[in-house]
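*Asks:* What follows is a predicted structure for the sequence shown.
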Amino acid sequence: MENELLKNRALIPIVIPSYEPDERLIALLHDLDEKEMGPVIIVNDGSSEKYDGIFKEAESIISKRGGKFISYRPNRGKGRALKTAFSYITENMPDALGCVTADSDGQHTPDCINRIKDTLTANPNNLILGVRKFEKKDIPWKSWFGNTVTIGVFSYVAGMRVSDTQSGLRGIPFKFMKELIDCKGERFEYEMQMLLECAGRYDLTEVPIATIYESKENHQTHFKPVRDSLRIYKILGKKFVKFLFASLSSFVIDILLFHLFVFLFKDAFTALYITMATVGARVISAVYNYLINYKFVFKSRASKSVSLAKYALLAIVQMLLSAGLVSLIVFLIPGAWETLVKIIVDTVLFLLSYSIQQRFVFSSKSKS
């Protein structure tokens, strides 16, 4: 009984960014009104004057339940529309638990929106993601393949598994919503950036939602496959490129020091020279790598002492694996060049290290 009262009392506005909508927006608003759901915040993202009539009708519907209509020109993109709504909520609805974002094209039903709202109420510190079930037989092969690849790339880059990276139906906690106002991204890539910002800082709860497919005749989208996909992958690639820069610069330091130490220790420590060279080079490069990853790559908010302890453990394990594998390979392949073997071994360890650092070392999920 207490939980039901909490659900009813919780202020969770519904945010609908809209660009050149059709009657499906009006139908959705009528359905929300009939179910007494709201308030609804609509952002007209620079639609032409041709759509003023639809927006006027929309404004009259949402005003019944304290909704807000925001309009501007020219078109600035879905990301900017969402940020505009988030700013309005933080300034005018400080008691809100968070918000639910939904699309205006009929893809999200009131029941699904309400499911996201209830889940956010029960998990006020989590990002709630409505996920569609993609059956390979129901969608074009290219779409299925593209979605599968994006999920895989995101999982590696972000360090968390997401079943539907493109879903616009989301429940966003108030604290996270405030942080997202300054998040980079103005168009469709903003939603991907939101997921990256969530990774390692907030828990994510997935909620199954209806998958509504449209006929080709009725399908309308403002998503530009090539341009917007490039923006999305640029967002994904940017973080990994930072890690790559940090790792490559550390790698260069490590390899140069390793080569130097092999030269210095080979004659004096015949049996242990590879291990000693690996340890000496790795300690120096690891200190540099930790500092640049903490501040620059993962922008971690985790305790420095805790993250440093985790990083040290990872560095020790990685160092032992590197030394052990390089020694084993050089022993099994007489005449093998130690430096080349180390480059190959450490490349594999490097790819594994990114995921471990993202998921374990620098994770700073909010507990408040």
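*Replies:* Great, that's in hand. Numbering: from 1, shown residues only.
*Asks:* packing partners for the strand or helix carrying residue 317?
*Replies:* Using DSSP states H and E, residue 317 maps to helix 304-332. Applying 3 or more Cβ pairs under 8 Å, 6 or more residues apart in numbering; DSSP states H and E, one finds that helix 304-332 contacts helix 273-292, helix 338-356. (Each C-beta comes from the backbone N, C-alpha and C, glycine too.)
*Asks:* the helices in this protein, which residues?
*Replies:* Taking DSSP state H as the criterion, the chain carries its helices at 2-9, 23-34, 52-62, 78-92, 110-122, 141-158, 174-180, 189-198, 225-265, 273-292, 304-332, 338-356.
*Asks:* In a markdown table: those helices, plus mean pLDDT and mean neighbour count.
*Replies:* As requested, the helices of the chain are exported to a markdown table (pLDDT from 0 to 100; neighbours: other Cβ atoms under 10 Å):
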| stretch | mean pLDDT | mean neighbour count |
| --- | --- | --- |
| helix 2-9 | 51 | 10 |
| helix 23-34 | 94 | 17 |
| helix 52-62 | 96 | 16 |
| helix 78-92 | 96 | 20 |
| helix 110-122 | 96 | 19 |
| helix 141-158 | 73 | 15 |
| helix 174-180 | 96 | 19 |
| helix 189-198 | 89 | 22 |
| helix 225-265 | 80 | 16 |
| helix 273-292 | 87 | 19 |
| helix 304-332 | 91 | 16 |
| helix 338-356 | 88 | 16 |
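*Asks:* Kindly reformat those as a markdown table and extend each row with distance to residue 71.
*Replies:* Compiled in a markdown table, the helices of the chain are given as follows (distance: least, Cβ to Cβ, whole Å):
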| stretch | distance to residue 71 |
| --- | --- |
| helix 2-9 | 30 |
| helix 23-34 | 14 |
| helix 52-62 | 7 |
| helix 78-92 | 10 |
| helix 110-122 | 22 |
| helix 141-158 | 32 |
| helix 174-180 | 21 |
| helix 189-198 | 19 |
| helix 225-265 | 23 |
| helix 273-292 | 44 |
| helix 304-332 | 45 |
| helix 338-356 | 43 |
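*Asks:* mind checking which of those is nearest residue 41?
*Replies:* Among the helices of the chain, the nearest to residue 41 by Cβ to Cβ is helix 78-92 (4.9 Å).
*Asks:* Run a quick check on residue 278 versus residue 330, I expect a contact.
*Replies:* No - using Cβ atoms under 8 Å, residue 278 is not in contact with residue 330, being 11.8 Å away.
*Asks:* Grab the nearest non-local neighbour of residue 29.
*Replies:* Setting aside the residues directly before and after it, residue 29 is nearest to residue 61 in space (Cβ to Cβ, 6 or more residues apart in numbering), at 4.5 Å.
*Asks:* Tell me how far the one you found lies from residue 46.
*Replies:* Look at residue 61 and residue 46: by Cβ to Cβ, to the nearest Å, they are 21 Å apart.
*Asks:* can you tell me which residues contact the nearest residue to residue 184 once chain neighbours are set aside?
*Replies:* Closest residue in space to residue 184, ignoring its immediate chain neighbours: residue 193 at 6.0 Å, by Cβ to Cβ, 6+ apart. Residues near residue 193 by Cβ atoms under 8 Å, 6 or more residues apart in numbering: 79, 183, 184, 185, 235.
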